[in-house]
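[1] what's the 3D shape of this:
(chains A and B)
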Amino acid sequence: MFTSADLTAFFLTLQLAFITTLILLILGTPLAWYLARSRWRYKFILEALVALPLVLPPTVLGFYLLLLLGNNGPLGYLMQSIGAEPLAFSFTGLVIGSVFYSIPFVVQPLQDAFNNIGKRPMEAAATLGASPFDRFISVALPLARQGFLTAIVLGFAHTLGEFGVVLMIGGNIPGETKVLSIAIYEHVEALEYANAHLLSASLVLLSFLMLIAVYSINGRFKVVRL
Amino acid sequence: MKLTAQFQIARSELLSFNFDISAEGITSIFGVSGCGKTSLLRAIAGLESHANSKLQVGDEIWQDENIFLPPHQRSIGYVFQEASLFDHLSVKDNIGYGYKRTPIDSRKISVEQVINLLGIQSLLDKKPAFLSGGERQRVAIARALAANPKLLLMDEPLSSLDQARKEELLPYIETVNKEMNIPILYVSHSNEEIGRLADQLIFIEDAVVKASGPISELLTRTDLSLAHRRQAESLIFAYADKFDENFQLNYLSSEVGTFIVPGKKLPTEKKLRLRLVAQDISITLEEQNDTSILNIFPAVIDELFEENKAQLTVRLKINKLPILARITMKSADNLKLEKGKTVFAQIKSVAVLA
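    Below is the predicted model of the structure:
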């Protein structure tokens, strides 16, 4: 069965994934909307930046975050000077790292969903007296619901499996930064294959179930939508 | 309601659309495909903004050098070519969308009223994806009306429908015009549709508004290309007077005189629109009695316009109403037709449009 240390890692991971997804939804929705609607010539630069975590080794991302957040980094220095805890090797630091790490998994499905709505429903809403914010809430968000579902699940599932970034900026503090993937790695190092198995299998099952949910629900929506 | 517009629309060529009309009933923005009709309608709605443009609707300025009201602040209803309903809302919520956003003291038309007017009671709980093309367009019209607009804008609402669906939807547009006191701007390139619906035309040609005014006047103005088309026509309004059961003939009274039209009995209370095709009108000097033609009226020649070496468009005045006839140069020469001469117009066929 799960050891209590494993359970702590498990819940810490869920907590991290939940908070990360929430922050990404709050920040990613306006960003995705901007990317879908903007006619700025150099928009592709932003799009490339958003996609960067897809191709970078997580250790590279983690390394630069460490430089940024560590005690000698600009952000770490700032935190120190206002008397706050340093961000590296803390849960908050992990959240920041995960947000960067999972950006494309949230922003890209949202951007696609907003693109697919097209201009027309928004124009129709405008002629019916809806202000830009009103029509974003009453038309764009509900029409992009498939995109939100995909974004939430992919963002959550991707954060669950995070390893490289955590290794660089999180370390291995139980209850603070020791997430599932680290725990599994530790078990393997210690040749505790049964424990590693249990955690790995839970992660496979959880991720699989979430993806099944997305694909089944999105599939059904497609049948209804024209 | 007075509508004054000056639009400068920059495309591959500069479109310059200026007009000043008293919008009542259905005003059709008419011109060939690609002439900028839709751009004009979108500019009126505020969906596109163009520099150096002005728009005044009634006593409100919607656009000038300093002001540009965004679409949601203009009291309009807009019916797009494709219905563009909200897929995530039921028919009822689609219709309620604009109504809910209309200030309470401007709500003169209720949701129930538009539902009845457009006959969509049975569709209310459905999602747009389950409607036919014609049903969808009816819901779109209902949704636009429920927003209680001052001005209803329709961009070729029939163009995405097949002929049978068009016939099905046309009466609804006529009803909306009759029952609701809302001026309609109706974009169309279809001769059929404007003949059937339009009271006024805003006629676009060569990147400008060539003329605007009552449709029967514009169709017969020889300074416009409308009168020189192969299918040039005149439009007369009439009411059914009496019906001859024996010969199945309708007697229709109009300002021109009484037209006799064969066919089923026409409703007496309805304003009918008669289309007289210029090719079907011949001219005689004496009133013919031994002819099969039933509709013969005394007329005065108002203008002769040479179309080519063979053909001539004659603008006749019958009781001061202009009617076009298309005849050959040879006939004109034989009859020695000239401006002011009194003749007889023989109208071979009359199409009752509505």
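[2] so what's the predicted local confidence for residue B:79?
    Predicted confidence (pLDDT) for residue B:79: 97.
[3] my guess is it contacts residue B:139. True?
    No. In terms of CB atoms under 8 Å, residue B:79 does not count as a neighbour of residue B:139; the distance is 10.2 Å. Bear in mind the C-beta positions are built from the backbone N, C-alpha and C, glycine included.
[4] and what about the residue lying closest to residue A:173 once chain neighbours are set aside, helix, strand or coil?
    Closest residue to residue A:173 apart from its sequence neighbours, by CB to CB, 6 or more residues apart in numbering or on different chains: residue A:89 at 6.6 Å. Classification of residue A:89 by DSSP: H, G, I helix; E, B strand; the rest coil places it in coil.
[5] separation between residue A:89 and residue B:86?
    Residue A:89 sits 49 Å away from residue B:86, taking CB to CB, to the nearest Å as the criterion.
[6] cool, and residue A:134?
    13 Å.
[7] residues near residue B:183, how many?
    Counted by other CB atoms under 10 Å in any protein chain shown, the residues lying close to residue B:183 total 24.
[8] so what's it up against?
    Residue B:183 makes contacts with B:1, B:3, B:23, B:24, B:25, B:27, B:150, B:151, B:152, as judged by CB atoms under 8 Å, 6 or more residues apart in numbering or on different chains.
[9] any idea how far it is from chain A?
    As for residue B:183, its distance to chain A is 16 Å (criterion: CB to the nearest CB, to the nearest Å).
[10] for that residue, give me the pLDDT.
    For residue B:183, the predicted pLDDT is 95.
[11] spatially nearest residue to it (excluding sequence neighbours)?
    residue B:23 (3.7 Å).
[12] can you pull out the helices in chain A?
    A:4-37, A:43-55, A:58-69, A:74-81, A:91-117, A:120-127, A:132-135, A:141-143, A:145-160, A:164-169, A:180-189, A:193-224 (DSSP state H).
[13] make CSV from those and add mean pLDDT to it.
    Below are the helices of chain A laid out as CSV (pLDDT from 0 to 100):
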stretch, mean pLDDT
helix A:4-37, 92
helix A:43-55, 92
helix A:58-69, 88
helix A:74-81, 78
helix A:91-117, 92
helix A:120-127, 96
helix A:132-135, 96
helix A:141-143, 95
helix A:145-160, 91
helix A:164-169, 84
helix A:180-189, 89
helix A:193-224, 79
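[14] who's in contact with residue A:68?
    Neighbour list for residue A:68: A:74, A:75, A:76 [criterion: CB under 8 Å, 6+ apart].
[15] separate out the buried members of those residues.
    Burial by neighbour count, 16 or more other CB atoms under 10 Å in any protein chain shown: within the contacts of residue A:68 this picks out A:75, A:76.
[16] now, which of the contacts of residue A:68 sits nearest chain B?
    residue A:75 (40.6 Å; CB to the nearest CB).
[17] my guess is the closest one meets residue A:86, correct?
    No. Taking CB under 8 Å as the definition, residue A:75 is not a contact partner of residue A:86, at 9.3 Å.
[18] identify the contacts common to those two.
    residue A:69.
[19] just to revisit the earlier point, which residues touch the residue nearest to residue B:183?
    B:1, B:2, B:3, B:151, B:183, B:185, B:200.
[20] switch to 6 Å and redo it
    B:1, B:3, B:183 (CB atoms under 6 Å, 6 or more residues apart in numbering or on different chains).
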